[in-house]
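A.B. asks: the following block contains a protein sequence and its predicted model.
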Amino acid sequence: MTISKDMKILIVDDYKTMLRILRNLLTQLGFSNIEEASEGGEALAKLRQMPFNLIISDWNMEPMTGIQLLREVRADSNLKSIPFIMVTAESKTQNVIAAKEAGVSNYIVKPFNAETLKAKIASVFGGFPD
């Protein structure tokens, strides 16, 4: 799958400030087709309603965590191929391993900037558009 600036991105976080930061960083990188969900259940509903090219989700959310969302996405034949980047404040090895085992595409530890986000997206898609 190739990356394009008009691809549809779903950002998932239960913290409004983080949604705003993620949206601002993605906008800085040239993306404009950004949808938001404030928790995993809402994210799944949106994913099942319309196609997305990338999911960027926080790990620590209630009631459905990012890892639970990831497992749901990977278990759904219509959604399982969507790249999924997990955002977390935890860099614990067991978390990274759990996310990898669940099928995460990449992992970002907070705090991070536009360059880090760009590098993670580029690594998932094998490059970044100019």
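C.D. replies: Noted; the coordinates are in hand.

A.B. asks: need the CA coordinates for the helix or strand bottoming out on mean pLDDT in the chain. PDB is fine.
C.D. replies: Least confident helix or strand, the chain: helix 93-102 with a mean of 91, by mean pLDDT, DSSP states H and E. The C-alpha trace of helix 93-102 is given here as PDB (Å, rounded to 0.1, in the frame of the first residue of the first chain):
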ATOM      1  CA  THR A  93       9.100  -4.000  26.700                       C
ATOM      2  CA  GLN A  94       6.100  -6.200  27.500                       C
ATOM      3  CA  ASN A  95       3.800  -3.600  26.100                       C
ATOM      4  CA  VAL A  96       5.800  -3.400  22.800                       C
ATOM      5  CA  ILE A  97       5.800  -7.200  22.600                       C
ATOM      6  CA  ALA A  98       2.000  -7.400  23.400                       C
ATOM      7  CA  ALA A  99       1.300  -4.800  20.600                       C
ATOM      8  CA  LYS A 100       3.600  -6.600  18.100                       C
ATOM      9  CA  GLU A 101       1.900  -9.900  18.900                       C
ATOM     10  CA  ALA A 102      -1.500  -8.300  18.400                       C
END
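
A.B. asks: could you list the paired strands of the helix or strand just after it along with their orientation?
C.D. replies: As assigned by DSSP states H and E, the chain's next helix or strand after helix 93-102 is strand 106-109. The pairing partners recorded for strand 106-109 under DSSP bridges are strand 84-88 (parallel).

A.B. asks: cool, thanks, signing off.
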